[in-house]
Each structure stands twice: as C-alpha cells, then as structure tokens.
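> Following is a predicted model, sequence given first.
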Amino acid sequence: MKIDEQLSIPKAEIIKKWRNADNDGKKLLEAIYGQEIFESEDVTLKIKTVEDAFKLTGRPKIDFSNLPKDMREKFEAEYEMNVISEAINEGWIPDWDNDNQPKWRPWFIMSPSGFAFDVSFCAYSAAYAGSGSRLHFETREKAIYVAKQFLDIWKKIQLG
C-alpha cells in the first residue's frame, strides 16, 4: 500500500505540521507517518498537472457553473492556481508580518505579440496589486516553475 493511501489527511497538510513543529513534534509525526514522507523530494517532479495538485492537497474539484458564463473560466483558473500553489509550496504559508521573509511571485508580459512569463521577483515590504497572497511562492525556483508549467492557467487569471 502506498503511503498516500494510508493517510487520512492530505500529505501537504502533514508536511506543513511537521515543518512548524518543534523537535518533539517532528519526532512524533515521523513515528506516526514514517520518516520517508518528510524526506526532501523535488516537488516539481510530483506536480506536473492540475490533477496532481488536487491529489496532493486533497482539495475538492469545484463546480463553477453557478457563475455567469463570462466569469467562470477566470474564477476556475484562480481556484486551480491556489491549489497548485498550495501543493508546490508544500504547506509553506507566507508570513506577511515578516518583512525579512522573501515571497516570490511570477511576473508576466502582456503585449500584442502574446502572453509570456518574464521574470520572478520578491519584495520584502511592498504591496503590489495583481497577485493574491496565496499566489506567492517560497522560492524563486518554485515561482519560475509554476509560471512556465502552468502558463495557460495564469493567462486565464491575468486576462480573464
């Protein structure tokens, strides 16, 4: 039996609890779930599709058919990107009270020639419009990966 089948709560939530636990808490979680669940593995190897993100987080698919037709695609894309962000960040949540914690987000170019990923940056103590707090990433590499891997979803968010 795979470890994901044994867990009654999403793996990302267990990893989040482990990251925030003190040493005794970490030992307890390792005893319950096994140390292998907490070993480093490049999350980008596990999250290649939206479905992978839903599976890892345990988040439900949502029916957006109750929204006006012209708004559905944008809101569905925002929800999907929030789930992807949660999965890629593996339980990491930005601490908006900590000005010293980098919070990375992708930046896109929207021009007549098309929509494309441009760069990833972080800001320590600034507020920019256009990117919700859930759409920030723990590392530059994760922000770049999600921008490139899920460009079609970002496009629906930005242009929706």
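Ah, there it is.
> Tell me which residue lies nearest the centroid of this protein.
residue 85 (1.1 Å; C-alpha atoms, centre = their mean).
> what residues are up against the residue of the chain most remote from its centre?
Largest separation from the mean C-alpha position in the chain: residue 112, at 29.1 Å (C-alpha atoms, centre = their mean). Not one residue lies near residue 112 by C-beta atoms under 8 Å, 6 or more residues apart in numbering. Where C-beta positions appear, they are placed from N, C-alpha and C, glycine not excepted.
> mind starting the numbering at 34 from now?
Understood, numbering begins at 34; the last thing we discussed is residue 145.
> Tell me how far it lies from residue 137.
Per C-beta to C-beta, to the nearest Å, residue 145 is found 28 Å from residue 137.
> Repeat that for residue 122.
10 Å.
> Likewise for residue 85?
21 Å.
> Who has more neighbours out of these two?
Taking neighbours as other C-beta atoms under 10 Å, residue 85 and residue 137 compare with residue 137 leading, 20 against 15.
> what pairs with the more buried one across the strands?
Under DSSP bridges, the beta-bridge partners of residue 137 are residue 155, residue 170.
> how many other residues sit next to residue 191?
Around residue 191 there are 14 other residues, counting by other C-beta under 10 Å.
> any idea which element it lies in?
Using DSSP states H and E, the element containing residue 191 is helix 184-192.
> Run the chain-centre distance for that helix.
Averaged C-alpha coordinates place helix 184-192 at 15 Å from its chain's average position (C-alpha atoms, centre = their mean, to the nearest Å).
> Distance check, the closest residue to residue 89 other than its chain neighbours against residue 102.
Leaving aside its sequence neighbours, residue 89 sits nearest to residue 120 (C-beta to C-beta, 6 or more residues apart in numbering; 4.5 Å). Distance, residue 120 to residue 102, by C-beta to C-beta: 28 Å.
> can you check residue 116 too?
22 Å.
> quick one, strands of this structure?
Using DSSP state E, the strands of the chain run over 137-144, 147-155.
> mind putting those strands in CSV, mean pLDDT included?
Shown next, in CSV, are those (pLDDT from 0 to 100):
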stretch, mean pLDDT
strand 137-144, 84
strand 147-155, 73
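> Tell me which residues of stretch 58-76 come out buried.
Residues 59, 62, 66, 70, 76 are the ones in stretch 58-76 that count as buried (16 or more other C-beta atoms under 10 Å).
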